[in-house]
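Colleague: everything below, folded, please.
(2 chains)
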Protein chains: 2
Amino acid sequence: METEMKIAVLGTGMVGQTIAVRLSSLGHDVHMGTRDPAETAGRREPGPWGQPSFADWLEAHPEITLESFEAAAHHGEIVLNCTAGGKSLEALRAAGADKLAGKVIVDIANPLDSSRGMPPVLSVSNTDSLGEQIQRAFPAARVVKTLNTMNCNIMVDPSRIPGVHHVFLSGNDAEAKRQVRALLESFGWQHIIDLGDITTARGPEQVLPLWIRLWGVLGNADFNFAVVHG
Amino acid sequence: METEMKIAVLGTGMVGQTIAVRLSSLGHDVHMGTRDPAETAGRREPGPWGQPSFADWLEAHPEITLESFEAAAHHGEIVLNCTAGGKSLEALRAAGADKLAGKVIVDIANPLDSSRGMPPVLSVSNTDSLGEQIQRAFPAARVVKTLNTMNCNIMVDPSRIPGVHHVFLSGNDAEAKRQVRALLESFGWQHIIDLGDITTARGPEQVLPLWIRLWGVLGNADFNFAVVHG
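Modeller: This is a model prediction of the structure:
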């Protein structure tokens, strides 16, 4: 991004934390949104992958403000959806359609459903996508789907993976995609493929089942997809 | 493959033709299966992409035998499913469970459904796959899903795409996957990822919606996916 912005990061999991720290380090004013800020701020159990507790993480990042979904969305000139895909619509409704109107929503979430066992399946796919659901639910917002096809450490630092590899963009609004492209470039992304309108989000979202299997086969999440041309 | 084999190629479209010619050029004895050989052999209209008619193609390839699904499957020590995904189960039933028993079925098909408009959607996805449907329908056969994530010209000649790019393997039978890996290597494949059992076919099959969008964005089919490691 050319200038420092007020940014809302909705969701306090690994993706939200990683994105928030990166945006903050780039000089943006980041407010993180959660359902119940007091409850979230009090979480003392370690993360599922052995990370620090949320309380410890937040104390280590005083530059990041934790507040309600609604307050964070009110703050943000741009809103990043880093919630779990199955809870994204609920979180965005809590943020409020009036707070989202006119803004760019960067949808990073994947609608994974582990309730039927592992590996998870998609709760929406094929003839619809989470990106489209969000755009339909918030028609006055401008949804751009991106970054959902790689681990969060790669999202914010693509140089972790050598050589050419790609991130995809889907959205109906050209100016919104231009803003998101600038944000991706500020993270270091050099190879960005604009797939088209928000219906094209079905493609990257449906990559997740392959991503999950590759994660298992390769034994770590430090990989990304590249589209190699003849 | 180490030795020349008797091979059945089911399906007479672009994929079947391309695979049959390649296998034949490698010294294999290829019989191509179709529903009605007399009807197929009499097709004089050009292909959908301006290719020669099937009749002209067959006349140019006297080394390839065209016969019924059943006769081709009887001939083949290994059977390649190159039919349209929506017709694969019907074609394999016509081939006959007794003719397929014990054999490796290489499933290259994608269950694309264009009946609801373009781009096509998947007729099976997420919680199931065509590869699994075929394995369930023919439990005495050994299904290996592969090669469905790229254009047929790349399937048989991966050197068209420079550098590292990948093909995936899914199947329950390790010996069947060993045979298919050898077949892929005979085509020139150097980077083969074994995803696991046949349920992992859901991953590569669900890549098709992204593949189709990339085809539109890039303007040609001369590309493939690579999995790039950190």
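Colleague: list the residues that contact the residue of chain A most remote from its centre.
Modeller: Distance from the C-alpha centroid of chain A, by Cα atoms, centre = their mean, peaks at A:Gly230 (31.4 Å). Applying Cβ atoms under 8 Å, 6 or more residues apart in numbering or on different chains, we find A:Gly230 in contact with B:Ile154, B:Arg160, B:Ile161, B:Pro162, B:Asn220, B:Asp222, B:Phe223. Every residue, glycine included, has its C-beta placed from N, CA and C.
Colleague: if we go to 10 Å?
Modeller: Residues near A:Gly230 by Cβ atoms under 10 Å, 6 or more residues apart in numbering or on different chains: B:151, B:153-154, B:159-162, B:165, B:218, B:220-224.
Colleague: the longest helix seen in chain A packs against which elements?
Modeller: Ranked by residue count and defined by DSSP state H, the top helix of chain A is helix A:174-187. Applying 3 or more Cβ pairs under 10 Å, 6 or more residues apart in numbering or on different chains; DSSP states H and E, one finds that helix A:174-187 contacts helix A:14-25, strand A:78-81, strand A:104-107, strand A:142-146, helix A:152-155, strand A:167-171, strand A:192-196.
Colleague: give me the angle between the fourth one and helix A:174-187.
Modeller: If I follow you right, that is strand A:142-146. Strand A:142-146 and helix A:174-187 are oriented at 40 degrees to each other (axes from the mean of the first three to the mean of the last three Cα atoms, to 10 degrees).
Colleague: before we move on, the earlier item: give me the buried positions along the longest helix of chain A.
Modeller: A:Ala176, A:Lys177, A:Gln179, A:Val180, A:Arg181, A:Leu183, A:Leu184, A:Ser186, A:Phe187 (16 or more other Cβ atoms under 10 Å in any protein chain shown).
Colleague: my guess is the second one contacts A:Phe168. True?
Modeller: Read it as A:Lys177. No - in this structure A:Lys177 lies outside contact range of A:Phe168 using Cβ atoms under 10 Å: 11.0 Å.
Colleague: need the residues touching each of those two.
Modeller: Residues touching both A:Lys177 and A:Phe168 (Cβ under 10 Å, 6+ apart) are A:Thr146, A:Ile192, A:Asp194, A:Gly196.
Colleague: which of these are buried?
Modeller: Buried among these by 16+ other Cβ under 10 Å: A:Thr146, A:Ile192, A:Asp194, A:Gly196.
Colleague: out of those residues, who's near chain B?
Modeller: By Cβ under 10 Å from any Cβ of the partner chain, the members of those lying near chain B are A:Asp194, A:Gly196.
Colleague: dump the residue contacts of the residue lying closest to A:Phe223 once chain neighbours are set aside.
Modeller: Once flanking residues are discounted, A:Phe223 sits nearest to B:His229: 4.9 Å by Cβ to Cβ, 6 or more residues apart in numbering or on different chains. Under the criterion of Cβ under 10 Å, 6+ apart, the neighbours of B:His229 are A:Ile161, A:Pro162, A:Gly163, A:His165, A:Leu218, A:Asn220, A:Asp222, A:Phe223, A:Asn224, B:Val164.
Colleague: if we can go back for a sec, want to try TSV for the buried residues of helix A:174-187, with pLDDT as columns?
Modeller: Converted to TSV, the buried residues of helix A:174-187 look like this (pLDDT from 0 to 100):
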residue	pLDDT
A:Ala176	98
A:Lys177	98
A:Gln179	98
A:Val180	98
A:Arg181	98
A:Leu183	98
A:Leu184	98
A:Ser186	98
A:Phe187	98
